[in-house]
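>>> what shape does this take:
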Amino acid sequence: MASRLLHRLRHALAGEAAGAEGPEVEEFPESSELEDDTEGLSTRLSGTLSFSNEEEEDEELGDPCEPGLPRDVGVTENGDQSPSPAERPGSSQLTRQLQDLWRRSRSSLVPQRLLFEVTNASVLYTIYLIRSGQFDKAPATIARRYSDFERLNRRLRRQFSCDMAGVSFPRKRLRRNFTAETIAKRSRAFEQFLAHLHSITEIRRSAAFLEFFFLRDLQAAQRLTCSGMYQEALATWSNAYRLQDKLGICNSGRFLLTLAGLAVCHQELDELSEAHCYCEKALQLLEAQDSHPLLEPFLQAHIHLSWKVGKEKHQSEARLQGLPGSGVARQQQLTLKEFLIKEALD
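Numbers count the residues shown, from 1 in each chain. Take a look at the predicted model:
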């Protein structure tokens, strides 16, 4: 019985391999082809999409976390696959076929060190951003509706029509749109959608793509800070910090505003050492800039906090004195908290 099943599986795999040599199939079908909600997507996307360094990609024989992937094939010193201890040529051949299919399924996207995982709960989709290749103890998380993905898709197609021509987007279904099966399939489709977007350099760096992840957190954190809800605001600023860190934009104006929010909330909660630390991070980013609107507020806050926690403040005082502008103009300068509250986030 087992040999008969193995024989059938071998023939099925051989049919897939033969089909792969036929006419080239479009890797990212147009959205019209996804009318049945991601039926055309590979079943290998039932987990998460992980992107790692290219050298790591070459070294892997397969993903050890992929369900059902045989793990009884060794590697000799020259890199060749060795037969199993029981010298089972049929099993070894089957293993190599599965590994080849797995590698082909992963080779369509440019490897990046970021992983998107989309899970669902009713109509909200939870997205985890996790660094691959290492244990990420602080993944960033957001929750988005289908309409949020749809809005991102429209913005990017207007701005990057050529790049977006090959990116598929799952359509809503007229019937059974909110069944558990449909939402689960759409979660896998959104993983592929975000992964494809992230593989295109221009889109990955665009404001539309980046703000899809963190702008809402910044706006919520700003509202909470203005309302004096510093503990709640701190959690939201912290998540926005992690999101921007994962996306690799730690030198942008939005990131500096995030550092300002963290410093202000920690200071209001009497956590002065933490507030001082975020001020120092910001001043390191502003080291080569003398005209940034946040430079003086950060210097003022750093001097005050350094005095409070007993840290060295002479360098910040000297830099503040060296900034252009009269003493009267400096007295009218907004504090870090005032700047944070008045900054328009849209």
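
>>> a helix runs through G228, doesn't it?
No: the assignment for G228 is coil, going by DSSP: H, G, I helix; E, B strand; the rest coil, so no helix is present there.

>>> how far away is it from I341?
Summarising the geometry, the distance separating G228 from I341, computed by Cβ to Cβ, to the nearest Å, is 11 Å. To be clear about C-beta, it is placed using only N, CA and C from the backbone, and glycine gets the same treatment.

>>> who touches both of those two?
Taking Cβ atoms under 8 Å, 6 or more residues apart in numbering as the criterion, G228 and I341 do not both touch any residue.

>>> so if I had to pick from those two, which one is more boxed in?
It is I341, of G228 and I341, that has more neighbours when counted by other Cβ atoms under 10 Å, with 14 against 8.

>>> quick one: mean pLDDT for stretch 288-306?
Taken as a whole, stretch 288-306 carries a mean pLDDT of 93.

>>> buried set for it?
Using 16 or more other Cβ atoms under 10 Å as the burial criterion, the residues of stretch 288-306 that qualify are 294-306.

>>> who touches it?
Residues external to stretch 288-306 that are found in contact with it (Cβ under 8 Å, 6+ apart): 256-257, 260, 263, 267, 272, 275-276, 279-280, 282-283, 286, 311-313, 316-317, 319-320, 323-324, 330, 333-336, 338-339.

>>> out of those, which are inside helices?
With helices identified by DSSP state H, the entries of the contacts of stretch 288-306 that belong to them are 256-257, 260, 263, 267, 272, 275-276, 279-280, 282-283, 316-317, 319-320, 330, 336, 338-339.

>>> how about the strands in this structure?
For the chain, strands defined by DSSP state E occupy the ranges 74-75, 81-82, 115-121, 124-130, 140-145.

>>> now do the fourth one: everything it contacts.
Strand 124-130 is touched from outside by 114-120, 136, 139-146, 149, 186-187, 190, 194, 213, 242-243, 246-247, with contacts defined as Cβ under 8 Å, 6+ apart.

>>> out of these, which are buried?
114-120, 140-142, 144, 146, 149, 186-187, 190, 194, 213, 242-243, 246-247.

>>> separation between S291 and P139?
Distance of S291 to P139, given as Cβ to Cβ: 36 Å.

>>> what does R131 give?
For R131, the distance to P139 - Cβ to Cβ - is 8 Å.

>>> any common contacting residues for these two?
Counting by Cβ under 8 Å, 6+ apart, the contacts common to R131 and P139 are K246.

>>> lowest-pLDDT helix or strand in the chain?
When the helices and strands of the chain are compared on mean pLDDT, DSSP states H and E, helix 54-59 comes out lowest with a mean of 34.

>>> coming back round to it: from the buried residues of stretch 288-306, which is closest to T182?
Taking Cβ to Cβ as the measure, L294 is the one of the buried residues of stretch 288-306 closest to T182, at 45.7 Å.

>>> tell me, how many neighbours does the closest residue to K281 other than its chain neighbours end up with?
For K281, the nearest residue in space outside its immediate sequence neighbours is L259; the separation is 5.7 Å by Cβ to Cβ, 6 or more residues apart in numbering. Other residues within reach of L259 by the criterion other Cβ under 10 Å amount to 25.

>>> cool, and I183?
There are 19 residues near I183, going by other Cβ under 10 Å.

>>> for E312, same thing?
E312 has 8 nearby residues by other Cβ under 10 Å.

>>> tell me which residues touch it, please.
S306.

>>> got the phi and psi for it?
As for E312, its main-chain torsions (degrees, to the nearest 10) stand at phi -70, psi 130.

>>> are any of the ones in helices among the contacts of stretch 288-306 buried, and if so which?
Neighbour counting by 16+ other Cβ under 10 Å classes 256-257, 260, 263, 267, 272, 275-276, 279-280, 282-283, 316, 319-320, 336, 339 among these as buried.

>>> what pLDDT does the model give the nearest residue to I200 once chain neighbours are set aside?
The shortest distance from I200 to any non-neighbouring residue, by Cβ to Cβ, 6+ apart, is to D163 (5.2 Å). The per-residue pLDDT reported for D163 equals 94.

>>> wait, S206 sits on D163?
No: proximity of S206 to D163 does not meet the contact threshold set by Cβ atoms under 8 Å, at 9.8 Å.

>>> alpha carbons of stretch 158-167, as CSV, please.
As requested, the backbone C-alpha atoms of stretch 158-167 are provided in CSV (Å, rounded to 0.1, in the frame of the first residue of the first chain):
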residue,chain,number,x,y,z
ARG,A,158,-1.9,55.5,-9.9
GLN,A,159,1.7,56.3,-8.9
PHE,A,160,3.5,53.2,-10.2
SER,A,161,1.3,51.9,-13.1
CYS,A,162,4.1,50.0,-14.8
ASP,A,163,5.5,48.3,-11.7
MET,A,164,2.0,47.5,-10.4
ALA,A,165,0.9,45.8,-13.7
GLY,A,166,2.1,42.4,-12.5
VAL,A,167,0.9,42.7,-8.9
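
>>> that older thread, let me have the buried residues of stretch 288-306 in JSON lines, extended by distance to F169.
As requested, these are arranged in JSON lines below (distance: Cβ to Cβ, whole Å):
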{"residue": "L294", "distance to F169": "37"}
{"residue": "L295", "distance to F169": "42"}
{"residue": "E296", "distance to F169": "45"}
{"residue": "P297", "distance to F169": "42"}
{"residue": "F298", "distance to F169": "41"}
{"residue": "L299", "distance to F169": "46"}
{"residue": "Q300", "distance to F169": "47"}
{"residue": "A301", "distance to F169": "44"}
{"residue": "H302", "distance to F169": "46"}
{"residue": "I303", "distance to F169": "50"}
{"residue": "H304", "distance to F169": "50"}
{"residue": "L305", "distance to F169": "47"}
{"residue": "S306", "distance to F169": "50"}
